[in-house]
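Undergrad: Fold the following.
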Amino acid sequence: MVVASQTWELALPGCVSLKAKRSVLRSLRDRLRSKFNVSVAETGLQDVPARAELTIALVSSDGRLAGSILEKTDRFVEQHGGASIVRVTRETY
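TA: Below is the predicted model of the structure:
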């Protein structure tokens with residue numbers, strides 16, 4: 001069994017309020033959950049309007065499958081129009 005997580009530090013250009021930030025993150029979080037069946041949470045930078053830290057976690061029976069899902073979610077976040085990736089941290093247990 002493999003447990004994997006991935007954390008993105010995101011820049012949110014155009015978000016000047018926490019309300020605008022939450023709108024962008026809610027959309028991204030909901031789409032990640034439904035498309036990839038992963039757990040998603042905002043794990044840092046909650047009080048900073050133009051930045052966010054979003055983390056996903058998943059459990060898989062195969063390490064290669066977990067890695068593949070992490071790669072796909074990374075590309076998905078890159079293509080999201082409301083956020084740009086500043087840093088990515090990946091952990092596998």
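
Undergrad: rest of the way, CA atoms for contacts and neighbours
TA: Fine.

Undergrad: what ranges do the strands span in this protein?
TA: When assigned using DSSP state E, the strands of the chain occupy the ranges 2-11, 39-44, 51-60, 84-92.

Undergrad: Quick check: closest non-adjacent residue to Thr89.
TA: Spatial nearest neighbour of Thr89, chain neighbours left out: Thr7 (5.1 Å); criterion: CA to CA, 6 or more residues apart in numbering.

Undergrad: Skip the chain neighbours and tell me the closest residue to Ser17.
TA: Pro49 (5.3 Å).

Undergrad: pretty sure the one you found contacts Ser23?
TA: No: in this structure, Pro49 sits apart from Ser23 without contact. The criterion is CA atoms under 8 Å, and the distance is 11.2 Å.

Undergrad: who's more crowded, those two?
TA: Pro49 (19 against 13; other CA atoms under 10 Å).

Undergrad: before we move on, the earlier item: can you list the strands of the chain in JSON lines and add mean neighbour count, mean pLDDT and distance to Asp74?
TA: Supplementary listing: these in JSON lines, determined by neighbours: other CA atoms under 10 Å; pLDDT from 0 to 100; distance: least, CA to CA, whole Å:
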{"stretch": "strand 2-11", "mean neighbour count": "19", "mean pLDDT": "96", "distance to Asp74": "9"}
{"stretch": "strand 39-44", "mean neighbour count": "16", "mean pLDDT": "95", "distance to Asp74": "13"}
{"stretch": "strand 51-60", "mean neighbour count": "19", "mean pLDDT": "96", "distance to Asp74": "10"}
{"stretch": "strand 84-92", "mean neighbour count": "13", "mean pLDDT": "94", "distance to Asp74": "9"}
